[in-house]
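1. got a structure for you, letters missing:
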């Protein structure tokens, strides 16, 4: 069959993969969003279904007031002796920890911390030993890919931390994974930074402690300077062997918005590249060491691509994400509607606003919802009452990159009455365009809000009950919601929000994509 890359689209970076019981399981980074670490399942490596998250409780992960692109970095998932392990780093607390479960569809354990510095931790189970690796510093002060043996029951170190490899010469070495295949231990890492110079390199040894010999043709996989490819940033790989014996690598990568537009707003996505081992035990990737838009691989199945997302065909606990700390009292959710209770926290705050979002998965998108805005919260507890009174009640739809860069179309209770507003926030600069409710609709409390996008721009519309068709409010360039402008490691989220002393009812929600 022929499959298309990416195999998981939208903001799902830093993929890690394992196999168990004839199936494959994959996790990705989640940074400041909750629940943490999306978890996917597949039978063919191409079609993936999200089955939940790994970090679903506040006791497992601290996200309160973490900066954008802080929080949960680069998880690794491994399966050993009937148990799944996920190890990761909370970059906001500088803690490396792992959790485990015996039921992949159930809850995961409380965190077990490892006394290792660095980021992007990984695990190797080998002949009764468990090794932890990071990009960090060893006991002698040497920086590089470091490793120590641990007690998997407690996380305690069983020996010294040793530096194994400093990479092939690229900057920002990270994402270490070690594998035992045949007679060799393969140490694979990312270099070049998770940007346009990103690449996968590796070395091998007859011992897990080295010495390691570089692959002579490093990098083994990269799309740097690949023209005219829209696919860039390939790196942060993890190896997997299919049930038919063939090898593959999952990596992150991103699609820039155009051939001559080096910006990406969808975030870093999941890509799949075939891997071939030669008779000497060295491996290569793809046809020429790059990741292509499509490949033909063995198998008789069809790649499925979902193009329509509604309240009815999504799961609130799986598909949707909250920003930082989860406050369940502010959400009342069903398959027909979402009631959001506003607080004094806005989308510009490094905090936890009333916000619920999906990841934007393709460039060409149309999202819409009917929004009814009522003044006053549905609960009596208003611990921030004074702040609530100072905040203009508003609710709407947003395409959100971070607190400094987001575009919002909303209903707001202004001193002149109900208004539809377009808010463009770029680098702390805010442009607001308002359109007040027509006089003949003065008693109305709602409208249909919508956003349309392509590679270059987002367009924003409102339709009051008196209007025959949506009214255009304005537009914003996609490149200003890109990682190249905003910085950081996330992607655009398509969300609903409520701010101030109000309750907002969202109905008839639809987010549809055109697979261009």
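-> Done, it's in. Here the structure is a predicted model, which is why all the values come from computation and not from measurement.
2. Show me the shaky parts of the stretch 51-200 of the chain.
-> Along the stretch 51-200 of the chain, no part satisfies pLDDT under 70.
3. just checking, residue 408 touches residue 401?
-> No - between residue 408 and residue 401 there is no contact under C-beta atoms under 8 Å: 11.8 Å. (C-beta placed from N, C-alpha, C; glycine too.)
4. Common neighbours of the two, please.
-> Listed contacts common to residue 408 and residue 401 are nil; contacts here mean C-beta atoms under 8 Å, 6 or more residues apart in numbering.
5. so where's the stretch 351-500 of the chain shaky on pLDDT?
-> 378-389, 438-443.
6. Now do the helices for it: every range, in order, please.
-> Per DSSP state H, counting those that start in this stretch, the stretch 351-500 of the chain carries helices over the ranges 385-390, 483-486.
7. What lies in contact with the last one?
-> The contact list for helix 483-486, computed with C-beta under 8 Å, 6+ apart, reads 68, 254, 262-265, 267, 401-402, 404-405, 426-427, 479, 489-491.
8. now swap in stretch 449-458 and tell me
-> By C-beta under 8 Å, 6+ apart, the list of residues contacting stretch 449-458 reads 257-258, 261, 360, 363-371, 396-397, 399, 407, 409-411, 420, 459-463, 470, 475-479, 481, 494.
9. buried sites along that stretch?
-> Within stretch 449-458, the residues that count as buried by 16 or more other C-beta atoms under 10 Å are 449-453, 455, 458.
10. quick check, nearest of the residues you listed to residue 167?
-> Nearest to residue 167 among the buried residues of stretch 449-458 is residue 455, at 34.5 Å by C-beta to C-beta.
11. Return the backbone torsion pair for the closest one.
-> Dihedral pair for residue 455: phi -60, psi -30, per degrees, to the nearest 10.
12. And for residue 128?
-> Backbone torsions of residue 128, given as degrees, to the nearest 10, read phi 80, psi 0.
13. same thing with residue 46?
-> phi -110, psi -50.
14. how about it, what does it touch?
-> 1, 3, 7, 272, 299, 301, 303.
15. Please apply the same query to residue 324.
-> Contacts here follow C-beta under 8 Å, 6+ apart; on that basis residue 324 touches 32-34, 63-66, 71, 351-352.
16. Now list the buried members of those.
-> 32-34, 63, 66, 71, 351-352.
17. could you flag which of the contacts of stretch 449-458 are buried?
-> Here, 16+ other C-beta under 10 Å leaves 257, 261, 360, 363, 365, 367-371, 396-397, 399, 407, 409-411, 420, 459-463, 470, 475-479, 481, 494 buried among the contacts of stretch 449-458.
18. Return the subset of those residues lying in strands.
-> Taking DSSP state E, the ones among these that sit in strands are 365, 367-371, 396-397, 399, 407, 409-411, 420, 459-463, 475-477, 494.
19. isn't residue 262 right next to residue 256, touching?
-> Yes - Residue 262 is in contact with residue 256 according to C-beta under 8 Å; the separation is 5.5 Å.
20. Show me the common contact partners of the two, please.
-> By C-beta under 8 Å, 6+ apart, residue 262 and residue 256 have these common neighbours: residue 232.
21. These two - which one has more neighbours?
-> For residue 262 and residue 256, the more surrounded residue by other C-beta atoms under 10 Å is residue 256, and the numbers stand at 22 against 14.
22. so how far is residue 405 from the nearest residue to that one once chain neighbours are set aside?
-> Spatial nearest neighbour of residue 256, chain neighbours left out: residue 264 (5.0 Å); criterion: C-beta to C-beta, 6 or more residues apart in numbering. Distance of residue 264 to residue 405, given as C-beta to C-beta, to the nearest Å: 13 Å.
23. between those two, who's got more neighbours?
-> Neighbour comparison, residue 264 and residue 405: the larger count goes to residue 264, with 27 against 24 (by other C-beta under 10 Å).
24. how close does the more buried one get to residue 253?
-> Taking C-beta to C-beta, one finds residue 264 at 10 Å from residue 253.
25. which ones are touching the closest residue to residue 479 other than its chain neighbours?
-> Of all residues not flanking residue 479 in the chain, residue 263 sits nearest, at 4.0 Å (C-beta to C-beta, 6+ apart). Residues in contact with residue 263 (C-beta under 8 Å, 6+ apart) are 256-257, 478-479, 482-485.
26. Give me the phi and psi angles of residue 263.
-> Dihedral pair for residue 263: phi -140, psi 150, per degrees, to the nearest 10.
27. re earlier: so the residue nearest to residue 256 makes contact with residue 257?
-> Yes - counting by C-beta under 8 Å, residue 264 touches residue 257, with 6.6 Å between them.
28. Tell me the residues that contact both of the two, please.
-> Taking C-beta under 8 Å, 6+ apart as the contact rule, residue 264 and residue 257 both touch residue 482.
29. Show me what counts as buried in the helix or strand where residue 74 lies.
-> Assessed by DSSP states H and E, residue 74 sits inside strand 72-80. For strand 72-80, the neighbour count (16+ other C-beta under 10 Å) marks 72-78, 80 as buried.
30. on that earlier part again, in a markdown table: the contacts of residue 324, plus distance to residue 110.
-> Shown next, in a markdown table, are the contacts of residue 324 (distance: C-beta to C-beta, whole Å):
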| residue | distance to residue 110 |
| --- | --- |
| 32 | 21 |
| 33 | 20 |
| 34 | 16 |
| 63 | 16 |
| 64 | 18 |
| 65 | 22 |
| 66 | 20 |
| 71 | 18 |
| 351 | 26 |
| 352 | 22 |
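31. quick check: mean pLDDT across stretch 236-254?
-> Averaged over stretch 236-254, pLDDT sits at 97.
32. distance between it and the chain's centre?
-> Stretch 236-254 has its C-alpha centroid displaced from the chain centroid by 19 Å (C-alpha atoms, centre = their mean, to the nearest Å).
33. How about stretch 444-458?
-> 23 Å.
34. Could you work out the end-to-end span of it for me?
-> Stretch 444-458 has an end-to-end distance of 27 Å (criterion: C-alpha to C-alpha, to the nearest Å).
35. Please shift the residue numbers so they start at 40 in all later answers.
-> Sure, I'll start counting at 40 from here, so that last one is stretch 483-497.
36. show me where the stretch 190-339 of the chain has helices.
-> Under the criterion DSSP H, counting those that start in this stretch, the stretch 190-339 of the chain carries no helices.
37. What strand or helix carries the residue nearest to residue 137 when sequence neighbours are not counted?
-> Of all residues not flanking residue 137 in the chain, residue 126 sits nearest, at 3.8 Å (C-beta to C-beta, 6+ apart). In this assignment (DSSP H and E), residue 126 forms part of strand 122-129.
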